[in-house]
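K.L.:
this one's structure only:
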């Protein structure tokens, strides 16, 4: 049995606040249980960058998410719909 699977994500809009970050994680969690997640930040300003990593507990969930490639976050916290693009952590291009 394979273990957890790491994936890389990019977001179509700026992540301005902790609430924006939480909304992105909620959308990623809606696909399956996460073991961990990490948003990348600028080392100088500490502002969120528009990408990060998530680790799905079940590799089959990660595969499903990778096959679908995009997760939509409806307007709410974000003024317009936001897209999350998910890629394999080892194949960023």
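P.N.:
Noted; the coordinates are in hand. Remember, predicted model here, so these are calculated numbers, not experimental data.
K.L.:
How many residues are close by the nearest residue to residue 25 once chain neighbours are set aside?
P.N.:
Closest residue to residue 25 apart from its sequence neighbours, by C-beta to C-beta, 6 or more residues apart in numbering: residue 37 at 5.7 Å. Every C-beta, even on glycine, is put in place using the N, C-alpha and C of the backbone. The local packing of residue 37 (other C-beta atoms under 10 Å) involves 17 other residues.
K.L.:
quick check, residue 37 in a strand?
P.N.:
Yes - judged by DSSP: H, G, I helix; E, B strand; the rest coil, residue 37 forms part of a strand.
K.L.:
Quick check: pLDDT value at it.
P.N.:
Looking at residue 37, its pLDDT stands at 96.
K.L.:
Would you confirm that it contacts residue 26?
P.N.:
No - Residue 37 is beyond contact range of residue 26, at 11.0 Å (criterion: C-beta atoms under 8 Å).
K.L.:
name the element residue 65 belongs to?
P.N.:
Residue 65 belongs to helix 59-68 when elements are defined using DSSP states H and E.
K.L.:
Buried residues in that helix, which are they?
P.N.:
By neighbour count, with 16 or more other C-beta atoms under 10 Å as the criterion, the buried positions of helix 59-68 are 61, 62, 65, 66.
K.L.:
Now residue 61: closest residue in space, sequence neighbours ignored.
P.N.:
With sequence-adjacent residues excluded and distances taken as C-beta to C-beta, 6+ apart, residue 61 is closest to residue 32, at 3.2 Å.
K.L.:
Now the one you found. Its backbone dihedrals?
P.N.:
Main-chain torsions, residue 32, degrees, to the nearest 10: phi 170, psi 170.
K.L.:
Could you report the neighbour count for it?
P.N.:
Counted with other C-beta under 10 Å, residue 32 comes out at 15.
K.L.:
Just to check, it is in contact with residue 59?
P.N.:
No - applying C-beta under 8 Å as the test, residue 32 and residue 59 come out as separate, 10.1 Å apart.
K.L.:
Can you report how many residues lie near the closest residue in space to residue 16 that isn't next to it in sequence?
P.N.:
Nearest residue to residue 16 in three dimensions, chain neighbours excluded: residue 48, at 7.6 Å (C-beta to C-beta, 6+ apart). Around residue 48 there are 20 other residues, counting by other C-beta under 10 Å.
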